[in-house]
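Visitor: Following is a predicted model, sequence given first.
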Amino acid sequence: MSLIGLDSKDKIIERFAQHVSSGKAEFFAQAGIDFVFGKREGVYVWDVTGRRLIDCHCNGGVFNLGHRNPRVIAALQKALEELDIGNHHLISEPRARLAERLAALSPGDLNRVVFGVGGGEAVDMALKLARGHTRRPKVISAQGGYHGHTGLALAAGEAQYREPFEPLSPGFVQVPFGDLDALRAVIGADTAAVIFETIPATLGVALPPEDFFAGVRRLCDEFGAVMIMDEVQTGLGRCGAVWGINTYGVVPDIIVTAKGLSGGLYPISALLYREFLNPFLHANPFIHISTFGGSEAGCWVALEVLNVLEEPGFLDHVRRMAGSFREGLGGLQKKHAGVLREVRQRGLMMGLKMADPACGPLMTLAGFRHGLLAIYANHDPSVLQLLPPLIIQAHEAEEVVGALDRMLAWVEEALATVNFSQEQRPP
Ligand SMILES: Cc1ncc(COP(=O)(O)O)c(C=O)c1O
């Protein structure tokens, strides 16, 4: 029996509104989006009624290897023959193996790992480690950045999500992303950590100046602050290298990874940290507890994700596909110059900067009509985020570019015929 479509679409939406989130149900109804996640396979997802979309959202990288990747499924099935969650207090073979593999994939002496379940938890732990090591309070992050909705990660993020819950942890300061002078103005002897996403997706796939992270590294070294890179979206091959920060030639003190490490099947996150940070955790080995963090079955799934990532040719494939997109999107920019202002890209981390903040939501809506799942950037709605699965093939990339062409034409027409005031904009 199939697990999908047991009920009618209306019934599913009604039950969801009644018991999961009345607010989300209302939001999507108002936006004219009635998509209910059904079948999923490879680069595609289907509505329960059978409408097919190509997934260029990928939950921010969860589906880097596509939906239900056969190798990841096989790894989970194998793990379930012998393993379960394990006991988080005890020494564990799968956790030791996965940590060793992550360390081997990382630059410098990023040799040590703490496991978690989700990205926010791993960011929290990274900030705890920075404060525990330095015994300093201040944490500097980017305005418009996103690190998750848990405690310290939330404090490092946007006001709209944290203000209802204040007072949160004190000591958090935000600066414009990519602005070294602004960072220099606030960093000091009281700074525990500087945390940035390598490319903040939610801020509109904002690309920093090429020398920005080298400058961040220098400032962190000068003031003894811990440099943390949130690679939750940019890591694990997304930018054409194992870590996005590798492409900037900089070694941070902590790398946070999550989403894609799960293979889309088993939640797991991790932070990698450098040797000099270890004395704090060596002295306090039980200071961060996560019952499900680094679950043993999840470790086997993550190991298979790393096997795929390290397969000869995998990153070459990502870079090749990135080249196809560069060409295709460049053509679209010429053709739709009125609405498509800029293509932002590093590997398969891409964003389309549009002429107006109404365009991102309109493009998302157009995507549902023209066969593409893509979401606009919440902190800069003029940008449509574009994160296809890394396993995408040339003909599928062409399909994406074709869908974008139709979507852009639809948005051009919509903008020409409707005067979008702030109130009339879709959410
Ligand atoms: C860059 C970044 N960091 C952290 C997180 C938080 O991850 P999670 O939702 O697994 O807590 C996200 C989630 O979208 C993210 O995009």
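Guide: Right, received. Where do you want to start?

Visitor: check contacts around whichever residue of the stretch 251-400 of the chain sits closest to the ligand.
Guide: The minimum distance from the stretch 251-400 of the chain to the ligand, using Cβ to the nearest ligand atom, falls at residue 258 (4.8 Å). (Glycine included, C-beta is placed from N, CA and C.) Neighbouring residues of residue 258 by Cβ atoms under 8 Å, 6 or more residues apart in numbering: 116, 118, 119, 122, 232, 268, 269, 270.

Visitor: Please report how far it lies from residue 265.
Guide: 14 Å (Cβ to Cβ, to the nearest Å).

Visitor: just residue 86 next, same as before
Guide: Counting by Cβ to Cβ, the gap from residue 86 to residue 265 is 17 Å.

Visitor: between these two, which one's more packed in?
Guide: Shown here are residue 86 and residue 265; by other Cβ atoms under 10 Å, residue 265 has more neighbours (22 against 19).

Visitor: Nearest residue to the middle of this structure?
Guide: Nearest residue to the geometric centre of the chain (Cα atoms, centre = their mean): residue 233, 2.7 Å.

Visitor: Which residues of the stretch 201-350 of the chain lie near the ligand?
Guide: For the stretch 201-350 of the chain, the residues in contact with the ligand (Cβ under 6 Å from any ligand atom) are 201, 230, 232, 233, 258.

Visitor: mind running it again at 5 Å?
Guide: Counting by Cβ under 5 Å from any ligand atom, the stretch 201-350 of the chain comes close to the ligand at 230, 232, 233, 258.

Visitor: of all the residues you listed, which comes closest to the ligand?
Guide: With Cβ to the nearest ligand atom as the yardstick, the closest approach to the ligand among those comes from residue 232, at 3.6 Å.

Visitor: just to revisit the earlier point, show me the residues of the stretch 201-350 of the chain next to the ligand that map onto strands.
Guide: With DSSP state E as the criterion, strands contain residue 230 from among those.

Visitor: isn't residue 156 right next to residue 196, touching?
Guide: No: using Cβ atoms under 8 Å as the test, residue 156 is too far from residue 196 to be in contact (9.8 Å).

Visitor: between these two, which one's more packed in?
Guide: Per other Cβ under 10 Å, whichever of residue 156 and residue 196 has more neighbours is residue 156, with 30 against 26.

Visitor: Spatially nearest residue to that one, not counting backbone neighbours?
Guide: Leaving aside its sequence neighbours, residue 156 sits nearest to residue 141 (Cβ to Cβ, 6 or more residues apart in numbering; 4.0 Å).

Visitor: how about the residues of the stretch 201-350 of the chain next to the ligand in a markdown table, adding pLDDT?
Guide: Formatted as a markdown table, these follow (pLDDT from 0 to 100):
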| residue | pLDDT |
| --- | --- |
| 230 | 98 |
| 232 | 98 |
| 233 | 98 |
| 258 | 98 |
